[in-house]
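> Give me a 3D structure for the following:
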Amino acid sequence: MRRVKTVLTALVLMLMAVSPALAVDTSKTYNSGILVLLFVGFCALLIVAQLVPAVLALFGMTKEAAKRTSGKRLAASAKKH
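Numbers count the residues shown, from 1 in each chain. This is a model prediction of the structure:
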């Protein structure tokens, strides 16, 4: 256990030392304005608004399928006995 702890500690320390070298300064690469961000946010809102009813319908169909499967199993077990 002590060996695993030592290896994990060494790995964490190494990753902490390396991570600043992988950082990128985004101020030079990102030049879009606030309107672009608002447009992307609006598009994301539309996608989320369409996903909510789809997920609710999926849960409803799954619940109904589970009910039917359990009902068939109960009927099959009643016929056996």
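
> now the strands for the chain?
Per DSSP state E, the chain carries no strands over any range.

> Can you list the residue ranges for helices in it?
Read by DSSP state H, the chain holds these helices, from start to end of the chain: 2-22, 34-80.

> What about T69, how many residues nearby?
Neighbours of T69 under the rule other CB atoms under 10 Å: 10. For the C-beta atoms, the positions are set from N, CA and C on the backbone; glycine is no exception.

> Would you mind measuring from it to T62?
For T69, the distance to T62 under the criterion CB to CB, to the nearest Å works out to 11 Å.

> what's the answer for L13, then?
In terms of CB to CB, L13 sits 46 Å off from T62.

> Then M14?
Computed with CB to CB, the distance linking M14 and T62 is 45 Å.

> How about M1?
Here the distance between M1 and T62 works out to 43 Å (CB to CB).

> who's more crowded, these two?
Here M1 and T62 are compared on neighbour count by other CB under 10 Å; more neighbours surround T62, at 10 against 5.

> Just the pLDDT for the more buried one.
According to the prediction, T62 has pLDDT 94.

> same deal with L37?
Spelled out, the predicted local distance difference test score at L37 is 90.
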